[in-house]
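Asker: I'd like to go over a predicted model; first the sequence, then the structure.
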Amino acid sequence: MFYQIWAALFYLYGILLNSIYQCPEFSQLTTQRVDGKEFPEPHLGRWYFIAGAAPTKEELATFDPVDNIVFNMASGSAPTQLQLRATIRTKNGLCVPRKWIYHLTEGSTDLRTEGRPDMKTKLFSSSCPGGIMLKESGQGYQRFLLYNRSPHPPEKCVEEFQSLTSCLDSKAFLLTPRNQEACALSSD
């Protein structure tokens, strides 16, 4: 009997805490048609990687040597493809080009990376002007990534991203330094 009373009190306490300290909602981008104007049209063009968050530091380790990353998202050869090109500026000044293809999932904005069947990317809107948030997950990792049209968005944007991802169980946070000039994006 004593155990049941404590269990009931803890349950009620949990409900109360959950109602007071709920994570702010972030809305997932949705679309009615993959080839519609809502997506991917507004997301094409140049993006800068600003910050990342994950449950552990290991899930962000790939970004440790990075000073900045600039991306260009373009329509692919098929209506359900997006072509991404990136140039990574490492902290030691090197420029490393990358490219890959995302495949859109019919009826949503979920992206699948060509050649990486275990990787799934979800797009989310951001309250930050010119911002977007991605959630990448794959075998053994999950991370949130913040991108912006500007290489130096307002500090409030980074603070909101960190607060939101912390609320979503991301204990590790990485902010790209962006001290060096971004590398030029290659045309091929």
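Answerer: Thanks, I have it. Numbers count the residues shown, from 1 in each chain.
Asker: Enumerate every residue touching Phe139.
Answerer: Not quite, residue 139 is Gln, not Phe. Counting by CB atoms under 8 Å, 6 or more residues apart in numbering, Gln139 touches Asp118. Quick note: C-beta positions are derived from backbone N, CA and C, even for glycine.
Asker: For Met73, which three-state class applies?
Answerer: strand (DSSP: H, G, I helix; E, B strand; the rest coil).
Asker: residue nearest the centroid of this protein?
Answerer: Centroid-nearest residue in the chain, with CA atoms, centre = their mean: Leu134, separated by 2.3 Å.
Asker: Now that one: phi and psi?
Answerer: Main-chain torsions, Leu134, degrees, to the nearest 10: phi -120, psi 150.
Asker: Bridged to it, which residues?
Answerer: Leu123, Leu145 (DSSP bridges).
Asker: ranges for the helices of the chain?
Answerer: 2-20, 155-167 (DSSP state H).
Asker: So which elements touch the shortest one?
Answerer: To tie it back to what came earlier, the one meant is helix 155-167. strand 45-54, strand 141-148, strand 172-175 (3 or more CB pairs under 8 Å, 6 or more residues apart in numbering; DSSP states H and E).
Asker: got those as TSV, with mean neighbour count and distance to Gln83 columns?
Answerer: Below are those laid out as TSV (neighbours: other CB atoms under 10 Å; distance: least, CB to CB, whole Å):
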stretch	mean neighbour count	distance to Gln83
strand 45-54	21	12
strand 141-148	22	16
strand 172-175	17	26
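Asker: Let's have these in CSV, adding distance to Thr90 and mean pLDDT.
Answerer: Conversion of the helices and strands packed on helix 155-167 to CSV gives the following (distance: least, CB to CB, whole Å; pLDDT from 0 to 100):
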stretch, distance to Thr90, mean pLDDT
strand 45-54, 13, 96
strand 141-148, 18, 94
strand 172-175, 14, 97
